[in-house]
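Fold the following and give me the result.
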Amino acid sequence: AVPLQEISIRGGLFSRVQDRNYWQFSQYVRLFRPDAAGEQWAFERFVKHPYPQGVRLDSIVEGARDLSYYYSQEVPTRSEGKTMLLTLHGAVVALDGSRYDLPPLDTLRYHISSMLSFADTTTRYVTKIIEKYAVVNNRNYLSFRVNDTRIIDTLGDNAVQLARIESLMSGLVEQREFHVDSIVLTASASPEGSYAQNERLARGRAAVLKQRLGQRFGLQVDTLLSVRWVAEDWVELERRIAADSTIAEREAILGLLRTVGNPDRREAELRRRFPKQYRDIRERLYPLLRAVNFKYDLRRVGMVKDTIHTTVPDTLYARGVELLNEREYNDALRILRPYEDRNTAVAMLSLGYDEQAYEVLRRLSEEATVEYLKAIACARMGRIEEGKAAFRRACELQPNFEYRGNLDPEIRELITTQ
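Here you go, the predicted structure:
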């Protein structure tokens, strides 16, 4: 429900009595200077009929004469309805305080016109390339106790991480579209401690996780799954440092990582030369190096060629058309804009983007509906002669547009303009 602003029509005598009431109130306040409570009492005592506040129109009528007022109101249309109902209420208040409520006016029904009849509902198709082989990569972070390879579910975020690993593996192994050719599990450790010790830990953690997954999924996964390990993932650490602008002397640190070959000496030099940064890197970035990566190599079942091209419905475009028909014009345009077709123009015209719609229509092939929409755009932009020509061409291509044009206010105004 959208309330309309009130209008007030006051008789001349009524207005003069109001003015006198306000004068009496102001005189009282001037002579007695009451406090706020006293001033409120005086206002209620002297002003029986306050001036109307916040009204659209306040008109004073002298004598018996008619008054006409053209009330215009912009109301946003909504997707759930195609009609708008309007009813008016009013009352007459007399000087003696009596009041007569006018009976509500019979409900007026307005049909909300739109250009949705011009929307093209033809299914649009896109070419999709389907590949025989696919790869799925999945990175997870498990917590381990220092110098320990055992997986403890209750440690850190392990329960959530293990659930993610098992859920993805279950989904890929059990689905029917792809056959799983192989699964590679790679465990990595962070650089603190000796390289030899970290290599032992990474290898041991990978083996323990494989054993756990084999027990969970059986011989099929145990056979498919192979393990690898990275003792210290310096490549990942270098990538993360390079991407982190908060690290001071970042370029110098990266230079050290790239020039010092021995991993144990590299970590010691990082700790010695950049102690402050080292503490930050060890606290924030080292945990991200203790990762377990899964690489699934998949092969599409029943497919012979490495790639095939197929035509499928464009579901994104279909959603844009659906939003257009629901009058969700902004959301529809966000999807339809790149297509630059008739539906794009309808969305633009519905939002008042007339010049943009005209440019889209101008580039489309000649067709009756396109010419009619172009006539509407030209009418709004003041291109009268071009709009008339577009409308005439639309009628030539589809004669019934001549009847529609007479019912369309914008077209009717266009064709009657001299």
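
which SSE is the closest residue to Ala202 other than its chain neighbours in?
Nearest residue to Ala202, sequence neighbours excluded (CB to CB, 6 or more residues apart in numbering): Trp229, at 3.8 Å. The C-beta positions use only the backbone N, C-alpha and C, and glycine is treated the same way. Trp229 belongs to strand 225-230 when assigned by DSSP states H and E.

sorry, back to before: got the contact list for the residue nearest to Ala202?
Residues in contact with Trp229 (CB atoms under 8 Å, 6 or more residues apart in numbering) are 186-188, 199, 202-203, 205-206.

just Gly12 next, same as before
So Gly12 contacts 60-63 (CB under 8 Å, 6+ apart).

Distance of it relative to Val93?
Using CB to CB, to the nearest Å, one gets 15 Å for the distance from Gly12 to Val93.

rewinding a little: between the contacts of Gly12, which is nearest Ala390?
Val61 (48.2 Å; CB to CB).

what sits against the closest one?
Val61 touches 9-12, 67, counting by CB under 8 Å, 6+ apart.

and with 7 Å instead?
Taking CB atoms under 7 Å, 6 or more residues apart in numbering, we find Val61 in contact with 9, 11-12, 67.

Show me the beta-bridge partners of it.
Beta-bridge partners recorded for Val61 (DSSP bridges): Gly11.

sorry, back to before: would a markdown table of the contacts of Gly12 with pLDDT and distance to Arg139 be doable?
Formatted as a markdown table, those follow (pLDDT from 0 to 100; distance: CB to CB, whole Å):
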| residue | pLDDT | distance to Arg139 |
| --- | --- | --- |
| Ile60 | 89 | 78 |
| Val61 | 89 | 79 |
| Glu62 | 85 | 84 |
| Gly63 | 77 | 86 |
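
circling back to that earlier point, are any of the contacts of Trp229 buried, and if so which?
In terms of neighbour count (16 or more other CB atoms under 10 Å), the buried residues within the contacts of Trp229 are 186-188, 199, 202-203, 205-206.

from the residues you listed, which ones fall inside strands?
Counting by DSSP state E, the buried ones among the contacts of Trp229 place 186-188 in strands.

any idea which of the residues you listed is closest to Asp148?
So of these, ranked by how close each gets to Asp148 (CB to CB), first place is Ala187, at 13.4 Å.

quick one, what contacts the closest residue to that closest one other than its chain neighbours?
Distances taken as CB to CB, 6+ apart place Ala206 nearest to Ala187, at 3.7 Å, with adjacent residues excluded. If you count contacts by CB under 7 Å, 6+ apart, Ala206 has them with 185, 187, 227-229.

And for Arg99?
91, 93.

could the contacts of Val61 go into TSV alongside distance to Lys388 and pLDDT?
As requested, the contacts of Val61 are arranged in TSV below (distance: CB to CB, whole Å; pLDDT from 0 to 100):
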residue	distance to Lys388	pLDDT
Ile9	43	92
Gly11	50	91
Gly12	51	90
Leu67	39	81
